[in-house]
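Peer 1: Provided below for reference: sequence and predicted model.
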Amino acid sequence: MTPSPSQTSGTTTAAALIAAAAGASILTNIALRYIDQRLRWRLKRNRFCRAVTAGQRKSSQLRQMLNGESYNCNERLLAAMRSAAHELAEEYNRPERTAEERDEILRSLLGSCPRSSHKCPTGTAEGSEESYADITIEPPFRVDYGVNIHVGRNFYANFDCTMLDCATITIGDNVFLAPGVQLYTASHPLDAIERRCTEFAKPISIGNDVWVGGCAVILPGVSIGNRVVVAAGAVVTKNVEDDVVVAGVPARVVKNLK
């Protein structure tokens, strides 16, 4: 039986409506994903800021942690600060983040960092200069709290950098970190029972014009001087004077640069 013109028209109209609805649904989902991607990190930034404010106002353990005293790492306010920092760092690491978004996230996550670009000689002609971002951290990047990290001008960290900032981490100007560099301020008691819930932390300081090689580890309480080179794979357990190269496990001076 041949369908009537009205039946054919009705079928065509229904198919068109279904196609239009499907198209609208796809566009809506794309729009919602876009909005989620653009708003999610801002919501997590706000949560992070609230957690930091609450911790700074109310946490007795935070003060003990920053003073180098033993503290309870499981305190609710400290745990909330860490959780919020981890979530914001994960937003920084998402591949869809733009350079502008990452810059905003860093300026919220870190305790302090430069806010403008700088001029750097290109070496191609006398007086020639190019403008570079003052801070570049390649994702993935991981922190404990974020707010205890203070970075100087012209800072670059390559992929997979970890900064456990239970104590303050202070980094000078013109510092370059190769892939996989680890900065650990956190430590634990040797006593097994005490270690279950107690930590302590010691600050790390890195001077100006320092280059830290790939997968090097800097341990709690270490201060590194100016114009130092830390070889790849080194484990730095003690303070390092200016103008030297250190290498090995544990790291020792292998060359004087003066």
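Peer 2: Perfect, thanks for sending it.
Peer 1: residue 157 bridge partners, please.
Peer 2: Residue 157 forms beta bridges with residue 137, residue 177, as assigned by DSSP bridges.
Peer 1: tell me the pLDDT of the residue nearest the centre of the chain.
Peer 2: The residue lying closest to the centre of the chain (CA atoms, centre = their mean) is residue 141, at 4.1 Å. Here, the pLDDT recorded for residue 141 equals 98.
Peer 1: what residues are up against it?
Peer 2: The contact partners of residue 141, taken as CB atoms under 8 Å, 6 or more residues apart in numbering, are 89, 92, 93, 157, 161, 162. In short, each C-beta sits where N, CA and C put it, glycine included.
Peer 1: all helices of the stretch 151-258 of the chain, in order?
Peer 2: 192-195 (DSSP state H, counting those that start in this stretch).
Peer 1: okay, and for the stretch 151-258 of the chain, where does confidence drop off?
Peer 2: Of all residues in the stretch 151-258 of the chain, none has pLDDT under 70.
Peer 1: can you give me the end-to-end span of stretch 62-73?
Peer 2: Counting by CA to CA, to the nearest Å, you get 9 Å between the two ends of stretch 62-73.
Peer 1: so for it, what gets flagged as buried?
Peer 2: 62, 64, 65, 66, 68, 71, 73 (16 or more other CB atoms under 10 Å).
Peer 1: mind telling me the two of those farthest from one another?
Peer 2: Greatest spacing in those, by CB to CB: 68 and 73 (14.1 Å).
Peer 1: so, low pLDDT: which residues of the stretch 1-150 of the chain?
Peer 2: Under the criterion pLDDT under 70, the flagged ranges of the stretch 1-150 of the chain are 1-11, 14-17, 19-37, 116-133.
Peer 1: show me where it has strands.
Peer 2: For the stretch 1-150 of the chain, strands defined by DSSP state E, counting those that start in this stretch occupy the ranges 71-72, 118-121, 129-132, 135-137, 141-143, 149-151.
Peer 1: show me the contacts for the nearest residue to residue 74 once chain neighbours are set aside.
Peer 2: Among residues not flanking residue 74 along the chain, residue 197 sits closest, at 5.4 Å (CB to CB, 6 or more residues apart in numbering). Contacts for residue 197 (CB under 8 Å, 6+ apart) come out as 72, 73, 74.
Peer 1: and the residues you listed, which is closest to residue 211?
Peer 2: residue 73 (32.3 Å).
Peer 1: you'd agree the closest one is up against residue 200?
Peer 2: No - applying CB atoms under 8 Å, one finds residue 73 not in contact with residue 200, separated by 9.6 Å.
Peer 1: which residue is the nearest non-sequential neighbour of residue 108?
Peer 2: Nearest residue to residue 108, sequence neighbours excluded (CB to CB, 6+ apart): residue 45, at 4.9 Å.
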